[in-house]
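Chemist: Provided below are the primary sequence and the corresponding predicted coordinates.
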Amino acid sequence: ASRLDDDAHALPARRQRVLGRGLELSYREPVHLVRGEGVFLYAPDGRRYLDAYNNVPSVGHGNRRVAEAIGRQMATLCTNTRYLHAAVVEYAERLTATMPEGLENCLFVNSGSEANDAAWRIAKIVTGRGGALVMASAYHGVSDAVAALSPYYGPFAQPQAPFVQTLEPPDTYRGRFTGAGAAAHYAADADRAIAALQASGHGVAALMIDSAFVSNGILNVPDGYFAAVAAKVRAAGGLVIGDEVQSGFGRMGDAFWGFARHGVVPDLVTLGKPMANGYPAGAVVTRAELLRAFTDKIDFFSTFGGNPAAAAAALATLDVLQDENLQENALTTGRLLRQGIHTLAARHAAIGDVRGSGLMIGVEIVSERAHRTPAPELARQIANKMRHLGVLIGTEGPDGNVLKIRPPLPFGQRHAAMLLEALDQAL
Ligand code: PMP
């Protein structure tokens with residue numbers, strides 16, 4: 001044990017020496033993890049944490065079916081998609097079967113960033129235009145092209161590129177419009193953005209949008225908002241890119257895909273994070289004619305994208321999601337959690353609003369409920385206190401005051417009770 005303790009104590013300094021200062025660790029007192037199982041994570045000394053934050057291990061940490069599928073495939077064959085292999089074909093068939101008709105072709109990459117990069121490239125080539133609409137505070141990934149579509153917020157806010165217009169977030173808690181007509185009022189901002197792109201000669205290639213509005217603080221957007229903006233973009237000749245990196249694969253509970261909750265069928269859907277439960281995998285799913293128009297001009301090939309091990313991992317993940325009814329679990333546990341947080345709000349004035357769907361939940365922490373004053377320091381304190389109580393959550397949003405609760409999908413009733421107990425104590 002002493003050897004382990006020595007290693008653990010030396011780790012932060014060693015890490016900083018080789019990884020630099022920039023890559024910030026979560027929590028004031030960082031968490032050192034050596035093992036995960038289901039919805040639990042374990043420190044070297046055996047201390048257990050309830051994971052209410054990580055969406056990548058969506059079918060659970062250390063999932064045996066996924067791990068064994070990867071191991072088996074790695075020990076058998078791992079090549080690339082220029083050779084015939086059944087796994088990637090079977091996965092593409094299974095994946096497109098979960099999507100609306102017409103979204104029938106897949107292009108496989110290795111991350112959400114790469115998926116968004118490829119979708120954006122397809123949109124520019126297909127439309128022959130170069131302008132983009134994104135939500136203010138949006139985050140879509142790390143490539144240079146996609147970083148330009150990621151205004152983000154706070155100290156890491158990015159300057160706006162000339163070919164990008166940002167949309168006013170349809171925030172009915174903190175924004176300008178609430179109640180009836182809010183959807184149309186917010187959507188009207190797309191008219192301004194489209195006109196600006198047309199006036200500057202860029203035109204509209206695409207709208208890229210996260211249908212869970214996570215980096216905006218996990219918004220409950222007014223009904224019809226996304227559909228109205230999508231219609232305006234299409235009328236201007238642009239395509240709709242649905243970024244399902246956060247909202248996809250059942251997490252939202254009431255729909256397998258986030259866009260379906262808004263009554264929109266995107267032209268291009270981008271996938272990442274939970275797709276293969278932690279094995280790097282990403283994809284663009286689109287209509288055959290759009291992919292064809294792209295591949296007529298670009299010989300697109302991703303070395304690792306769709307490899308047999310990635311396909312086996314993604315297949316096993318989809319199997320577990322479906323066999324264990326995890327979308328339904330997200331719906332019922334999510335409801336329970338939000339109800340529980342509403343109950344806590346009666347006793348804790350710091351809870352200003354509870355939002356989200358399924359196991360994507362945002363809790364506004366405010367200093368004055370009547371004025372909805374964001375309390376980011378209090379939100380950070382709550383997340384840090386909960387970490388000490390053994391429950392991991394995060395903070396989110398342009399004001400940094402929204403608690404982000406986004407656990408692996410096998411999160412059940414008793415886990416929800418543990419989280420609520422810790423949140424109550426922390427508050
Ligand atoms: N899109 C969204 C909505 C995201 O939240 C993220 C990651 N936070 C990405 C894209 C990029 O995914 P990755 O980091 O896996 O490249």
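Modeler: All right, it came through fine. Numbers count the residues shown, from 1 in each chain.
Chemist: Residue numbers of the protein in contact with the ligand?
Modeler: 111-113, 116, 139-142, 210, 214, 243, 245-246, 272-273 (CB under 6 Å from any ligand atom). Every residue, glycine included, has its C-beta placed from N, CA and C.
Chemist: which of those residues tops the neighbour count?
Modeler: Asp243 (33 neighbours; other CB atoms under 10 Å).
Chemist: pretty sure that one contacts Asn116?
Modeler: Yes. Using CB atoms under 8 Å, Asp243 is in contact with Asn116, at 6.1 Å.
Chemist: Kindly point out which residues are neighbours of both of those two.
Modeler: His140, Met208, Thr270 (CB atoms under 8 Å, 6 or more residues apart in numbering).
Chemist: Which element, helix or strand, includes the first one?
Modeler: It stands for His140. Here His140 sits in a region with no helix or strand, counting by DSSP states H and E.
Chemist: My understanding was that it contacts Ala115; is that so?
Modeler: No. His140 sits out of contact with Ala115 when judged by CB under 8 Å, with a separation of 9.5 Å.
Chemist: can you tell me the helix or strand for Phe226?
Modeler: Residue-wise, Phe226 maps onto helix 225-235 under DSSP H and E.
Chemist: Would you work out how far apart the start and end of stretch 149-163 are?
Modeler: Stretch 149-163 has its terminal residues 9 Å apart, counting by CA to CA, to the nearest Å.
Chemist: Show me what counts as buried in it.
Modeler: Leu149, Ser150, Pro151, Tyr152, Tyr153, Phe163 (16 or more other CB atoms under 10 Å).
Chemist: Which of the residues you listed sits closest to the ligand?
Modeler: The closest of those to the ligand turns out to be Ser150 (CB to the nearest ligand atom; 8.3 Å).
Chemist: is it fair to say that closest one lies in a helix?
Modeler: No. Under the criterion used here (DSSP: H, G, I helix; E, B strand; the rest coil), Ser150 is coil, not part of a helix.
Chemist: got a pLDDT number for it?
Modeler: Looking at Ser150, its pLDDT reads 98.
Chemist: Likewise for Ala188?
Modeler: Looking at Ala188, its pLDDT stands at 98.
Chemist: And it, its phi and psi?
Modeler: Torsion angles at Ala188 (phi, psi; degrees, to the nearest 10) stand at phi -60, psi -20.
Chemist: As a check, name the ranges of all helices in the chain.
Modeler: 2-19, 64-76, 86-97, 112-127, 144-147, 182-199, 225-235, 288-295, 308-323, 326-345, 376-388, 413-426 (DSSP state H).
Chemist: ok, and which of these has the densest surroundings?
Modeler: Stretch with highest mean neighbour count among the helices of the chain: helix 112-127 (a mean of 25; mean count of other CB atoms under 10 Å).
Chemist: who touches the residue of the chain found nearest the ligand in this structure?
Modeler: Closest approach between the chain and the ligand, counting by CB to the nearest ligand atom: Gly112, at 2.7 Å. By CB under 8 Å, 6+ apart, the residues touching Gly112 are His140, Gly141, Asp243, Val245, Thr270, Leu271, Gly272, Lys273, Gly282.
Chemist: could you dump those residues to CSV with pLDDT?
Modeler: Listed next are these as CSV, based on pLDDT from 0 to 100:
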residue, pLDDT
His140, 98
Gly141, 98
Asp243, 99
Val245, 98
Thr270, 99
Leu271, 99
Gly272, 98
Lys273, 98
Gly282, 98
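Chemist: Need these in JSON lines (columns: distance to Gly22).
Modeler: Compiled in JSON lines, these are given as follows (distance: CB to CB, whole Å):
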{"residue": "His140", "distance to Gly22": "20"}
{"residue": "Gly141", "distance to Gly22": "17"}
{"residue": "Asp243", "distance to Gly22": "25"}
{"residue": "Val245", "distance to Gly22": "22"}
{"residue": "Thr270", "distance to Gly22": "26"}
{"residue": "Leu271", "distance to Gly22": "28"}
{"residue": "Gly272", "distance to Gly22": "22"}
{"residue": "Lys273", "distance to Gly22": "22"}
{"residue": "Gly282", "distance to Gly22": "24"}
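Chemist: still on that earlier bit, ok, of the helices of the chain, where does mean pLDDT dip lowest?
Modeler: helix 2-19 (a mean of 82).
Chemist: Pull the distance from that one to the chain's centre.
Modeler: Put simply, helix 2-19 sits 31 Å off its chain's centre (CA atoms, centre = their mean, to the nearest Å).
Chemist: do stretch 96-111 as well
Modeler: 17 Å.
Chemist: try stretch 343-354
Modeler: With CA atoms, centre = their mean as the basis, stretch 343-354 stands 25 Å off its chain's centre.
Chemist: And that stretch, what's buried?
Modeler: So for stretch 343-354, counting by 16+ other CB under 10 Å, buried means Leu344, Ala345, His348, Ala350, Ile351, Gly352, Asp353, Val354.
Chemist: The second one touches Glu364, doesn't it?
Modeler: No. Taking contact to mean CB under 8 Å, the distance of 10.0 Å between Ala345 and Glu364 leaves them out of contact.
Chemist: give the contact list for the closest residue to Met135 other than its chain neighbours.
Modeler: The spatially closest residue to Met135, leaving aside those adjacent along the chain, is Leu167, at 5.2 Å (CB to CB, 6 or more residues apart in numbering). Each residue near Leu167 by CB under 8 Å, 6+ apart is listed here: Leu133, Val134, Met135, Ala136, Tyr186, Asp189, Ala190, Ala193, Val229.
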